[in-house]
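Peer 1: this one's sequence-less:
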Ligand SMILES: [Zn+2]
């Protein structure tokens, strides 16, 4: 030890503090965020899309027990429970238990997830349309009326809202809840061909012939963050297609929603290695348009629709452009498209769009 240090040990320590040679950040220094981060097991991950967390101003917080849009004096849990028979629990979410040992459940029951355990648990990403039209209205229905939850809401302008850490078991897709992450995409939904639908209220045609989305005035504040945003379906005409053997019609999602969903899908597939960047296809590489069998569902690790999980659901509907989302996410991830169509059911993504 040099004589200087022996004589002045305190001085040396002070020099480190003064010159900032240490690695500790200054107490109270704000940590910058870029506004595209999502949260998994307490860690932040970039998505490249605009994200509003439940922690942020204007966010939707599914951890809260009171109703978000009820009159404040009547919003707490006791009043909410008394007023609405549909609300059963102050917690709209639960614990991901499936596949965990007793010791692991004991460790995470208070929230103590680590990322490797969550990565072992999550292997599905379930797409929904919200039939609420906007994310604000969707959160109102989930939180205030239905006792339900979902990790992400995707608004018409492409803003993603995260309402819970991905470690939570959100209540959005029954048997998939334990192993999945869910997103509710703002869209008024799909309807049987020839039957009633709300399209006249939600969609108008411009003088130029372009279809635009018109949120009914009775919804009040739309909550859409982009000033003066006017949404247009990615395809001008309603899209027809079959789900569970029934013919449905639906207006497409917006280009802003497709762009954000693609970024989010790529991000989730990178964060969760067991979640493969694919969607359910048959032996010919075509989208499966029905509920998966119990075995298919058990063995499926990837992106899927709510209708793949339950026979009583038709979302995200015939308009969902799976190739646009999955192909785009594969490009972001640098994945090679398969050389030929799938040789077996379910496990190979259809990726013809990758070549365009
Ligand atoms: Zn759904």
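Peer 2: Good, I have the coordinates. All values reported here derive from a predicted model rather than from experimental measurement.

Peer 1: Got the phi and psi for residue 161?
Peer 2: phi -110, psi 130 (degrees, to the nearest 10).

Peer 1: That one: what's it in contact with?
Peer 2: 51-54, 59-60, 135, 139, 152-155 (C-beta atoms under 8 Å, 6 or more residues apart in numbering). For the C-beta atoms, the positions are set from N, CA and C on the backbone; glycine is no exception.

Peer 1: and these, which of them are in helices?
Peer 2: 135, 139 (DSSP state H).

Peer 1: Write the PyMOL selection for whichever of the contacts of residue 161 are buried.
Peer 2: Buried members of the contacts of residue 161 can be picked out in PyMOL with the line below, counting by 16 or more other C-beta atoms under 10 Å:
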select buried, resi 51+52+53+54+60+135+139+152+153+154+155
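
Peer 1: want to throw the contacts of residue 161 into TSV with distance to the ion and pLDDT?
Peer 2: Output for the contacts of residue 161, formatted as TSV (distance: C-beta to the ion, whole Å; pLDDT from 0 to 100):
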residue	distance to the ion	pLDDT
51	21	98
52	21	98
53	22	98
54	20	98
59	22	98
60	17	98
135	14	98
139	15	97
152	13	98
153	12	98
154	13	98
155	16	98
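
Peer 1: Closest one of the contacts of residue 161 to residue 84?
Peer 2: Of all the contacts of residue 161, residue 84 sits closest to residue 139, with 15.7 Å by C-beta to C-beta.

Peer 1: What sits closest to that closest one if chain neighbours are left out?
Peer 2: residue 60 (4.3 Å; C-beta to C-beta, 6 or more residues apart in numbering).

Peer 1: check which helix or strand covers the residue nearest to residue 211 when sequence neighbours are not counted.
Peer 2: What sits nearest to residue 211 in space, not counting adjacent residues and going by C-beta to C-beta, 6+ apart, is residue 236, at 5.0 Å. Under the criterion DSSP states H and E, no helix or strand holds residue 236.

Peer 1: Residue 210 is in contact with residue 236, correct?
Peer 2: Yes - the pair residue 236 / residue 210 is scored as a contact, 6.3 Å apart, by C-beta atoms under 8 Å.
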